[in-house]
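Enquirer: Mind looking at a prediction? Sequence and model below.
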Amino acid sequence: MTHRPRLFWGNITFERQLEVTGNTPSRSLQRLEAELSSMWLAMARPGDVIYSPQGVSKEFATQLPIAREVLWWDGSSPLPFEADFIEFVPWGWSAAAVHQARAWKCSVVAPPVDVVRFSNSREFSAQQELELSSQLPGATTLHSMGDLRAAVAEWSADQRWVIKANLGHAARERVIGSGSSPDDSIVSWCQRRFTQRQPLYLEPWVDRVSEVGVQWDIPQRGEPRLIGLAELLTSERGEYCGSRVVAGLEASWKDAIHVQREVMSRLQQLGYFGPVGIDAMRYRDAVGEAHVRPLQDINARLTMGRMAWEWANCFQSAGRWLHASRSPGPLAVSTSPEALGDVPVMHRTWWIPEGQRSE
């Protein structure tokens, strides 16, 4: 072995862990984390360990060349190395991640959890958008129902808007409404969070043209490094469906990258180090004029876009990494097992080289 082994732990419920200390994922979320454990193959090197609590079949563990020298570990037996020699790599550094690493007596090199929480908050991203003149027109912070009603009072019936929680990202922890009068379900959703003294963030719903996840790495010392870009493939509701990695993305998003580089420096000054993924979006306003929003989402953690970029490196080709319950085409390569613990995997992932069509 020529490198220090790493133990990958996929706490994809990361934002929930930041929001509530000691939060235990539901069984369905634990199952989702287990089903997605195979994504770590994209980053793993020979000798690394992937935590997979529900096991992986020998067939899957040997079907991909990159999987043959990786250890799948379910936590029921001792680690094959001295634990403190193993570098612990979580999806994101929550208090739960630090606790788990220490429980397994792994090496912990992590930024302060309060810094991680703030770096992932809407509070931080809204502040950066305001200071860097990239905020959507009409976007505002809400602290009460009075703030919400005042913010939408002049909106027409056909104007849509979205309210996002402080520690929610992508299509999670948000509600969508329209016009000047929020319905009862939105009122209830907001009131629960205001009662907990959580700020909320209102934005206009815009006509999305395209989105890209820009992947960065911030070292403890030295300049932040641009890793690569992955185009986001989403549903009409903004739900993640996969990522596309192709040449030329960096040049076409250079203005957004310029803004994001400043944010990387600010994150480093706060004390954060590690992976960061920032989503940028091209959109059209009400009169059809095109704009770029460079700070759509700031994720101070690993992201699915980063995993897609790593899969492109593994397969040494441009292509799409798709999340789907069934194969998206005859030439798709499965990057996840068919079953875990004799139970079919519902959240499968697939790699399709560029130029090959999905169904």
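Expert: Everything's here; your move.
Enquirer: Run through the helices of this structure in chain order.
Expert: Using DSSP state H, the helices of the chain run over 14-19, 27-35, 58-63, 95-103, 113-119, 122-131, 145-152, 184-195, 249-252, 254-270, 304-315.
Enquirer: Show me the least confident stretch of those helices, going by mean pLDDT.
Expert: The stretch with the lowest average pLDDT out of these is helix 58-63, scoring a mean of 72.
Enquirer: number of nearby residues for the residue nearest to Ala153 when sequence neighbours are not counted?
Expert: Nearest residue to Ala153 in three dimensions, chain neighbours excluded: Ser180, at 5.4 Å (Cβ to Cβ, 6 or more residues apart in numbering). Bear in mind the C-beta positions are built from the backbone N, C-alpha and C, glycine included. Counted with other Cβ atoms under 10 Å, the neighbours of Ser180 add up to 14.
Enquirer: ok, now Ile50?
Expert: Neighbour count for Ile50, taken as other Cβ under 10 Å: 24.
Enquirer: Below-threshold pLDDT in the stretch 251-359 of the chain: ranges please.
Expert: Residue ranges of the stretch 251-359 of the chain with pLDDT under 70: 356-359.
Enquirer: want to throw the helices of the chain into CSV with mean neighbour count?
Expert: Below are those laid out as CSV (neighbours: other Cβ atoms under 10 Å):
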stretch, mean neighbour count
helix 14-19, 23
helix 27-35, 16
helix 58-63, 14
helix 95-103, 18
helix 113-119, 19
helix 122-131, 19
helix 145-152, 16
helix 184-195, 14
helix 249-252, 14
helix 254-270, 17
helix 304-315, 23
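Enquirer: Tell me if I'm right that Leu71 and Asp48 touch.
Expert: Yes: using Cβ atoms under 8 Å, Leu71 is in contact with Asp48, at 7.3 Å.
Enquirer: the more surrounded of the two?
Expert: The neighbour count for Leu71 versus Asp48, taken as other Cβ under 10 Å, is higher for Asp48 (22 against 18).
Enquirer: Now that one. Nearest residue, chain neighbours left out?
Expert: The shortest distance from Asp48 to any non-neighbouring residue, by Cβ to Cβ, 6+ apart, is to Arg6 (4.8 Å).
Enquirer: hang on, isn't Trp216 packed against Pro275?
Expert: Yes: the pair Trp216 / Pro275 is scored as a contact, 7.2 Å apart, by Cβ under 8 Å.
Enquirer: Give me the more crowded residue out of those two.
Expert: More crowded of Trp216 and Pro275, by other Cβ under 10 Å: Trp216, with 22 against 19.
Enquirer: residues in contact with that one?
Expert: Trp216 makes contact with Pro224, Arg225, Leu226, Ile227, Gln260, Met264, Pro275, Val276, Gly277, Ile278, according to Cβ atoms under 8 Å, 6 or more residues apart in numbering.
Enquirer: The closest residue to it other than its chain neighbours: what's it in contact with?
Expert: Distance criterion Cβ to Cβ, 6+ apart; nearest residue to Trp216, sequence neighbours excluded, is Val276 at 4.4 Å. By Cβ under 8 Å, 6+ apart, Val276 lies in contact with Gln215, Trp216, Asp217, Ile218, Pro224, Met264, Leu267, Ile298, Asn299, Ala300, Arg301.
Enquirer: likewise Trp91?
Expert: Trp9, Gly10, Asn11, Ile12, Phe14, Ala97, Arg301, Leu302.
Enquirer: between these, which is closest to Ala34?
Expert: Nearest to Ala34 among the contacts of Trp91 is Gly10, at 8.3 Å by Cβ to Cβ.
Enquirer: quick one: the closest one and Pro53 touch, right?
Expert: No: Gly10 lies out of contact with Pro53 (Cβ under 8 Å); the separation is 9.8 Å.
Enquirer: Comparing these two, which residue is more hemmed in?
Expert: Neighbour count, other Cβ under 10 Å: between Gly10 and Pro53, Gly10 has more, with 24 against 17.
Enquirer: Got phi/psi on that one?
Expert: Gly10 adopts backbone torsions of phi -90, psi 70, taken as degrees, to the nearest 10.
Enquirer: distance of it from Gln135?
Expert: With distances taken as Cβ to Cβ, to the nearest Å, Gly10 is found 33 Å from Gln135.
Enquirer: How about Phe194?
Expert: Counting by Cβ to Cβ, the gap from Phe194 to Gln135 is 22 Å.
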